[in-house]
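K.L.:
Okay, here's the prediction I keep looking at, along with the sequence it came from:
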Amino acid sequence: MRIALINENSQAGKNQIIFNALEKVVVPMGHVVDNYGMYTAEDKAQLTYVQVGILGAVLLNSGAADYVITGCGTGEGAMLAMNSFPKVLCGHVEDPVDAYTFAHVNDGNAIALPFAKGFGWGAELNLEYIFEKLFGFGHGNGYPPERVEPEQRNKKILDAVREKTMRPILDCLKDLDQELVKGAVAGEKFEELFFKNCKDDAVAEYIKGLR
């Protein structure tokens, strides 16, 4: 699995802490981590939590990433922005139990974490435990055991509903303020990471046209 990490501007200074915890846990599992930044608060490309949603949607819809780890001060704004787009199912995760139940009950492809609220002593340990529970025990298996069948059925129903209520990603992107989208893909390492992993030629061509 290719996992993308995205930080918005208010919590950019914590990028390396989050990246280190994520790599420590998931690389031994066989996953790959791409760090899309922001890398520091002083980065030239400044991402708002709204642009985090745009960037995350571009990565997931194009196949450049299989999973997105993101967040903001509370995690709420990043979650809402991510869930504004098709083929993105982002959960709000604060602790390892949230991570485990989201993986098995909701079986999404992104999480938003609170990087300011409660991010104090032992924060890196909490991150490691969250990533262990999120990626170390499978996905979509249902929880608790006696609820496996209805939980899996409900997830399929939700997916079907979202297919009907969401527009194709390129329609969404083209209708947005193009400067907003351009800023979302302006990161220092975006081109290096995105174009070699993108699996959707139409999305790639659209992004190239912005640059």
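P.N.:
Cool, got the structure.

K.L.:
and stretch 20-33, how far apart are its ends?
P.N.:
10 Å (CA to CA, to the nearest Å).

K.L.:
what sits up against it?
P.N.:
Outside stretch 20-33, the residues that touch it by CB atoms under 8 Å, 6 or more residues apart in numbering are 1-5, 19, 69, 124, 127-128, 131-132, 135-136. Yep, even glycine has a C-beta here, placed from its N, CA and C like the rest.

K.L.:
cool, and stretch 86-98?
P.N.:
With CB under 8 Å, 6+ apart, stretch 86-98 has contacts from 53, 56-57, 60-61, 68, 70, 75-76, 78-79, 82-83, 99, 102, 106-114, 118, 126, 129-130, 132-134, 162, 166-169, 172.

K.L.:
need the contact list for Gly108.
P.N.:
Here Gly108 is in contact with Leu89, Cys90, Gly91, Phe102 (CB under 8 Å, 6+ apart).

K.L.:
Out of these, which is nearest to Arg147?
P.N.:
Using CB to CB, Phe102 comes nearest to Arg147 of the contacts of Gly108, at 14.7 Å.

K.L.:
which residues does that closest one contact?
P.N.:
Gly91, Val93, Gly108, Ile111, Leu134.

K.L.:
Go through those residues and flag which are in helices.
P.N.:
Assigned to helices by DSSP state H, the following of the contacts of Phe102 qualify: Leu134.
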